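Novice: Give me a 3D structure for the following:
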Amino acid sequence: METNQVDLLVVNGENAAGGFGITPSIADELFHLGAHVITTGNHIWDKKEIFEYMTVPADSHGRGRRVLRPANYAAATPGFGVYEGALPTGQAYAVMNLQGRVFMSSCDDPFRKADELLSKIQAKVILLDIHGEATSEKMALGWYLDGRVTAVLGTHTHVPTADERILHRGTAYQTDVGMSGPFDSVIGVEKELVLNRFLTGMPGKFEAAKGDPKMCATLVECDGGTGRATRVQRMMLGE
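Specialist: As a prediction, this is how the structure comes out:
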C-alpha cells in the first residue's frame, strides 16, 4: 500500500480460512492490515461463524458491514452486496460484489442487479468484484458497465489473466485478478489430491497447499471527480 500510495484497498477474502470461506477473526486481521472492504463469492458460507458477523444494520459502517457477499444472492441471506463509504480525504466510493451464473450455483441476473445497485449509488468511484467462472460472462459485464463504474475486476478462477485494460468509456477491466496463495498447487490445493480425483474419479478431502506463496493484485488509478480509470496494472508478488 505504501509503495504504490494506495488510497482504497479491496480484498477478496472468501477463501482466507485455509482455502475455505472466511472467519470473523480473519476478517478482522485483514481490516487491521489495511483493507477497507472485503468481497467474497461462492464460498462465503463455508464457515458458519461469519453469519452473525455479517448480520448488521444496513446503515452501519462497522467491520461486519464491510464484508460483502454477492448482491445477486437471495435477499434473505445475511449481509449485503454493496458498500458505500468515504476515505479520510472525503473521497466517496462504492464497492459492489456480484456472482456470475455460467457454471456457477443459481443466483439472480448480475447484469440487471448491477443496474439496480447503480441506480442508488451516489459515489463516482465504483469498483465491482465479479466472482465468476466464465471468461465470456465477466468480459460481457465489463463492456455492459463500461463508463458506469471505475473498475470491473474478476475473481474466482484463482488464475490471473493478462487482459487488463481501460475500456472505451473509462472502466478498468481484468477478467481475473488471480489468487493470493500457494502457486505450487492446483488452484491452491495440494497437487496429489487433485490428481487422484482426476485419475480415479473418487472423492477426497481437498487441503490447501503450502509451496511457493504469491500474492496477486490489480492496481487501478482513477479520477476521483469522474470515476474514470486512467491506469490499470496487474501485479504478482512472491517470495
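Novice: now I26, what's its secondary structure?
Specialist: State at I26, reduced to three classes by DSSP: H, G, I helix; E, B strand; the rest coil: helix.
Novice: which residues does G142 contact?
Specialist: V152, L167, T171, Y173 (Cβ atoms under 8 Å, 6 or more residues apart in numbering). In this view, the C-beta of every residue, glycine as well, is placed from N, C-alpha and C.
Novice: Leaving out chain neighbours, which residue sits closest to the third one?
Specialist: Nearest in space to T171, with sequence neighbours left out and distances taken as Cβ to Cβ, 6 or more residues apart in numbering, is D146 at 4.5 Å.
Novice: Would you agree N42 is in contact with S106?
Specialist: No. N42 is not in contact with S106 according to Cβ atoms under 8 Å; the separation is 10.9 Å.
Novice: Of the two, which one has the most company?
Specialist: N42 (20 against 8; other Cβ atoms under 10 Å).
Novice: got the contact list for the more buried one?
Specialist: The contact partners of N42, by Cβ under 8 Å, 6+ apart, come to E14, P70, Q99, M104, S105, H131, H156.
Novice: ok so, going back, any idea how far the residue nearest to T171 is from A172?
Specialist: Distance of D146 to A172, computed by Cβ to Cβ, to the nearest Å: 10 Å.
Novice: Mind checking which of these two has more residues around it?
Specialist: Per other Cβ under 10 Å, whichever of D146 and A172 has more neighbours is A172, with 27 against 17.
Novice: and the more buried one, what does it touch?
Specialist: Here A172 is in contact with 150-153, 164-166, 218, 220, 222, 229, 231-232 (criterion: Cβ under 8 Å, 6+ apart).
Novice: again, only using 6 Å
Specialist: A151, I166, V220, A229, V232 (Cβ atoms under 6 Å, 6 or more residues apart in numbering).
Novice: How about A74?
Specialist: Neighbours of A74 in contact, by Cβ under 6 Å, 6+ apart: none.
Novice: circling back to that earlier point, quick one: the residue nearest to T171 from A74, how far?
Specialist: 29 Å.
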